[in-house]
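Participant: Make a model of this:
(chains A and B)
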Amino acid sequence: MSNVKVLVVDDEDSIRRFLRVALASQSYTLFESTSGQEALSCVAEHKPDLIILDLGLPDIEGVEVTRLLREWTKIPIIILSVRGSESDKIAALDAGADDYLTKPFSVGELLARLRAALRRAAQTPGEPVFTTGSLKVDLLRRLVTIDDHEIQLTPNEYELLRLFVVNAGKVLTHRHLLREVWGAEYGNEFHMLHVNISNLRRKIERDSTRPQFIITEPGVGYRLRIS
Amino acid sequence: MAHKDSPPNSGQSLKKRGTGTPALKFAWRYYLLGCGLVALATLLGHFTSGLLAPTNILMIYLLCVTVSAIVGGLGPSILVSILSVLTFDFFFVPPYLTLDVEHIQYIFTLIVFLLVGIALSYFTSMLRRQTETSKRREQEMAALYALGQDLAVASDLQSYTSSIIKRIKGTIGQDVIIFLPDARNEAALKAYTDSSEINVDANISNTAARSFQRKEITECSSDAIKGLKALCLPLVTTRRAVGVIVLIKSGDAVDYSVEQERLLSAYSDLAAVAIESIQLADELHNAEILKATEKLQTALLNAISHDLRTPLVSIIGVLSSLQEEGMDLDDADKRSLIQVAREEADRLNHLITNLLDESRLESGALKLSLQPAEVNDLVGATLEQLGSRVNNRIIQIDIPADLPFIQVDFGLFVQALVNIVDNALKYSPPDSLIEIKARYVHQEVQIEIDDRGTGIPEQDLPHIFDKFYRIKRPDNVSGTGLGLSITKGLIEAHGGHIEAKSQAGRGTIVSIILPVSADLMTAEKFNE
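Facilitator: A predicted model of the protein is given here:
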């Protein structure tokens, strides 16, 4: 029995059932809740290592559950939502959720996100060099290389890339990136963000139409893909 | 209670109303005029008796008969004929100043004169009446023609009623209200007036409603304004009552003349037919809409029952084979079965996404969350979403690096692109090239998806963006005929448009054209 505890919060019985099987196969210990209220008390009682949270709960909104949890815990939260509710996803991510999946999703994708989130949570600080595929970012020396060729980035491009590296695999919303790189008053300058991402991609991606590193999350934000 | 009905008028004519015609009212004047003429002729005869023979003096009387026939009609001229014979006999036939006749020939003259006079009176007055009638007919025709012309250019009930009101008002000089059945509420009548000042009080509308139901002319007086009377004329066609014309009369108003009444009834006949025709057209239009809706629902039902069930058949089939214990499946079999189920499930998901988008577009519930986006990125996300379906195809992408950003809802625009590329994949051979090109021309970004596939027959090309339109093809490629119509709806929701060019056997080019706002013109703007 693994010592990793996962809480699944969803009011759909069939979804909980297949997640139960999928997660048990990875030897995670599973807790289940069917409502927000139940989820909050379950987290307090069992202190799971990760929460899979459906946004459409019968009692409290998933976004609100996220906000309430973030008041006292940094447990990774992966949001489940349906297509078309981008604003809810963004709200949940801005409230502190780590990642999201749009229903229907594949179990493979869920497990990958779950592992990435657990790894980030367990990350010990002070790892100065990050590598994914041909991309290598040395945070100590502010050095970016692709296949050992140095890439020249503008300060803003480097700052964006640094945020991606620090949050590797995590979805970063447009607004979050703008606030972190340019400051809170630039929270709505989407064009500026997209232009910088576009330029950054042109420098580090082999094919900027089908990027390998900086992945677009439609209508939500970007994430750095980790190999 | 202020209102009092006049006794129901059984005939649909206004004729028996009113006390008399002006011709009859003023008739005594013409008789008087006749007498005057005879006196004048006698005087003239007296002064000229030295010059003229008595038979010639008789001609003067004949003139009087003719004049009074023309001016006064039959009655006065017969009177003049008789008077003429008597006065002529009295004054000019010897023995003078008696009614005796000396010579037998004068008796003959007088009898013939009387006959001629009467005949002349009769024919002249008949001619006069005919002239008057035709003149009246002409006026009526002109008035009806004018109304007909008004109605010909009118397009809706409001303009119909206002031209009818205008014409009737022009004839009788009084306010007019037209009541027509309300389109939304069959039981109620809706009042149409030409000015908001006209007070449609409850009594008038109740009387109008009664008049409409019974198809009877009804009169009532207003509750609100003392002395105001309303005359309700139902508009009746051969089939039914279509409305009511209400004539508002102030209490001291005189009755209508024969001409006015005739014109009123002609107007109301024409109005009834015109209003019925527009009501029938409305009904037909509604019936057509209903039919189209039903057709659409049937198509939707077919799409759902066929296209949603087909993937489910495979999925259930696969799952049940895996569940079946007696079946001996090796791992390769299982993998290929699962692959089939997975692909079908993805197809089902795509279909449901389209159906949802369609219903959102339809209901106007689709809210775009617009942000600047790079065409490059949109195309990348499109190919990402199509997943394994594009991995083994040759896709050539040609998007200039300096292309301006476009303002789009990323997810929905990608959905539109997915639908187009999905079609290109479906209707072209697996080894053929698909090109995705973008360029910037005249403040617009144009995105083109070209395939080297079967193409679209010329007669189908104008319809491919219609809902549920599917081209009849020998190869039985699955689809609902929803994809392109949704795509069009999505692109238009973005303020752009979509067009398709095709040559059968040579492939299809689908172009999306989107305007670019000035502040998104250049990608280099924010470069440090």
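Participant: Show me how chain B divides into domains.
Facilitator: B:22-150, B:155-287, B:314-362, B:367-520 (automatic domain parsing).
Participant: can the ones you listed go into JSON lines with extra columns for distance to chain A, mean neighbour count and mean pLDDT?
Facilitator: Bear in mind the C-beta positions are built from the backbone N, C-alpha and C, glycine included. Putting the domains of chain B into JSON lines (distance: least, Cβ to the nearest Cβ, whole Å; neighbours: other Cβ atoms under 10 Å in any protein chain shown; pLDDT from 0 to 100) gives the following:
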{"stretch": "domain B:22-150", "distance to chain A": "52", "mean neighbour count": "16", "mean pLDDT": "83"}
{"stretch": "domain B:155-287", "distance to chain A": "34", "mean neighbour count": "17", "mean pLDDT": "79"}
{"stretch": "domain B:314-362", "distance to chain A": "6", "mean neighbour count": "14", "mean pLDDT": "86"}
{"stretch": "domain B:367-520", "distance to chain A": "4", "mean neighbour count": "18", "mean pLDDT": "86"}
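Participant: In CSV: those, plus distance to A:Arg175.
Facilitator: CSV is the format used below for the domains of chain B (distance: least, Cβ to Cβ, whole Å):
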stretch, distance to A:Arg175
domain B:22-150, 61
domain B:155-287, 47
domain B:314-362, 25
domain B:367-520, 11
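Participant: Among these, which comes closest to A:Leu139?
Facilitator: Comparing the domains of chain B by their distance to A:Leu139 (Cβ to Cβ), the top pick is domain B:367-520, with 26.4 Å.
Participant: Check which helices and strands the helix or strand hosting B:Asn349 sits against.
Facilitator: B:Asn349 is part of helix B:331-363, with elements assigned from DSSP states H and E. On a contact count with 3 or more Cβ pairs under 8 Å, 6 or more residues apart in numbering or on different chains; DSSP states H and E, helix B:331-363 meets helix B:309-323, helix B:410-426, helix B:483-493.
Participant: can you rerun that using 6 Å?
Facilitator: Using 3 or more Cβ pairs under 6 Å, 6 or more residues apart in numbering or on different chains; DSSP states H and E, the elements in contact with helix B:331-363 are helix B:309-323, helix B:483-493.
Participant: Which one of these lies nearest to A:Leu55?
Facilitator: helix B:483-493 (24.3 Å).
Participant: Distance of the closest residue to B:Leu40 other than its chain neighbours relative to B:Phe113?
Facilitator: Computed as Cβ to Cβ, 6 or more residues apart in numbering or on different chains, the closest residue to B:Leu40 that is not its neighbour in sequence is B:Cys64, at 7.5 Å. For B:Cys64, the distance to B:Phe113 equals 12 Å [Cβ to Cβ, to the nearest Å].
Participant: same check, this time on B:Ala41
Facilitator: Counting by Cβ to Cβ, the gap from B:Ala41 to B:Phe113 is 12 Å.
Participant: residues contacting B:Arg309?
Facilitator: By Cβ atoms under 6 Å, 6 or more residues apart in numbering or on different chains, no residues touch B:Arg309.
Participant: next one: B:Tyr469
Facilitator: Residues near B:Tyr469 by Cβ under 6 Å, 6+ apart: B:463, B:481.
Participant: quick one: A:Ala24 is in a helix?
Facilitator: Yes: assigned with DSSP: H, G, I helix; E, B strand; the rest coil, A:Ala24 falls within a helix.
Participant: how close does the nearest residue to it once chain neighbours are set aside get to B:Val176?
Facilitator: Closest residue in space to A:Ala24, ignoring its immediate chain neighbours: A:Leu30 at 6.5 Å, by Cβ to Cβ, 6+ apart. Using Cβ to Cβ, A:Leu30 is found at 81 Å from B:Val176.
Participant: Check A:Ile215 too.
Facilitator: 72 Å.
Participant: can you check B:Leu301 too?
Facilitator: Plainly put, B:Leu301 is 50 Å away from B:Val176 if you go by Cβ to Cβ.
Participant: Of the helices and strands packed on helix B:331-363, give the one that comes closest to B:Leu99.
Facilitator: Counting by Cβ to Cβ, B:Leu99 lies closest to helix B:483-493 out of those; the figure is 101.8 Å.
Participant: Is the residue nearest to B:Leu40 located within a helix, as I assumed?
Facilitator: Yes: using three-state DSSP, the assignment for B:Cys64 is a helix.
Participant: Any idea what the spatially most distant residue from the centre of chain A is bridged to?
Facilitator: Distance from the centre of chain A peaks at A:His149, with 28.9 Å (Cα atoms, centre = their mean). Under DSSP bridges, the beta-bridge partners of A:His149 are A:Ile146.
Participant: the strands in the chain, which residues?
Facilitator: Assuming you mean chain A. Using DSSP state E, the strands of chain A run over A:5-9, A:29-33, A:50-54, A:77-82, A:99-103, A:129-132, A:135-138, A:143-146, A:149-150, A:171-173, A:214-217, A:221-224.
Participant: hm, I was asking about chain B
Facilitator: So, for chain B - with DSSP E - the strands run B:176-181, B:189-192, B:218-221, B:228-236, B:241-250, B:371-373, B:394-398, B:406-408, B:433-441, B:444-451, B:497-503, B:507-515.
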